[in-house]
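Trainee: here you go, sequence then predicted model.
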Amino acid sequence: MTPLIIGFMLVVAMLVAVVVDASAAYLRRQSLHATADAAALAATEALEGERVYTEGLGRTAELDPVAARGHVAAYVARSGAQQRWPGLDWRVRTAGDTVVVRLTAPLDLPLQVPGVGDGWRISGEAASVVVVDDR
C-alpha cells in the first residue's frame, strides 16, 4: 500500500507543478499581450505630425515605419517593461495603415518539472489599425 500512496503523491506533485508552470506562462503571455497592445496604440501616434496638418490624410492613412518604431521604443522605455522582464525583445512591423508589435521575454518557471528544460520564451503580439472615416 505504501508504494501506491507514494506513487500517487508523486503524480499529484507533478500535476501541481505542471499547472503552476502553465499558469505562470499564461499570465506572462497575457501581460505581454497587454503591453504589446499599448505599444501598438502608441505606434499609431506615428500618424500624427506636420504632414497630417499640411497635406491631410486623403483616403489612406500611411504609417511612417521609422516613427512607429520610435514610438514603440519610447513606450517600452516609459512603461518599465524592460525592467519587469529582463531580456525583453520587441519587433515592429508596419504595412500601410497597420502596425504589429511583438514582444518576447524569457520565462523562469516557478517549479521545475523533471524532463522539462529551461530557457522558455513567451511572446505577445498586438496590432493597431488606423481607419480613415471618409464621411
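Mentor: Received it, and whenever you're ready, just let me know what you need.
Trainee: secondary structure class of Gly115, three-state.
Mentor: Put simply, Gly115 is coil when judged by DSSP: H, G, I helix; E, B strand; the rest coil.
Trainee: which residue ranges of this protein form helices?
Mentor: Taking DSSP state H as the test, the helices found in the chain are 2-43, 50-55, 65-79, 81-84.
Trainee: so how far is the last one off the chain centroid?
Mentor: The reference is to helix 81-84. Distance of helix 81-84 from the chain centroid (Cα atoms, centre = their mean, to the nearest Å) equals 12 Å.
Trainee: and it, which residues are buried?
Mentor: By neighbour count on 16 or more other Cβ atoms under 10 Å, the buried set for helix 81-84 is Ala81. For the C-beta atoms, the positions are set from N, CA and C on the backbone; glycine is no exception.
Trainee: which outside residues touch it?
Mentor: Helix 81-84 is contacted from outside by 35, 76, 88, 103, using Cβ atoms under 8 Å, 6 or more residues apart in numbering.
Trainee: try 7 Å this time
Mentor: 35, 76, 88 (Cβ atoms under 7 Å, 6 or more residues apart in numbering).
Trainee: Ala67: neighbour count?
Mentor: Using other Cβ atoms under 10 Å, Ala67 is surrounded by 16 other residues.
Trainee: oh, that last question was meant for Tyr75, not what I typed.
Mentor: 20.
Trainee: for it, which non-adjacent residue is closest in space?
Mentor: Nearest residue to Tyr75, sequence neighbours excluded (Cβ to Cβ, 6 or more residues apart in numbering): Ala42, at 3.9 Å.
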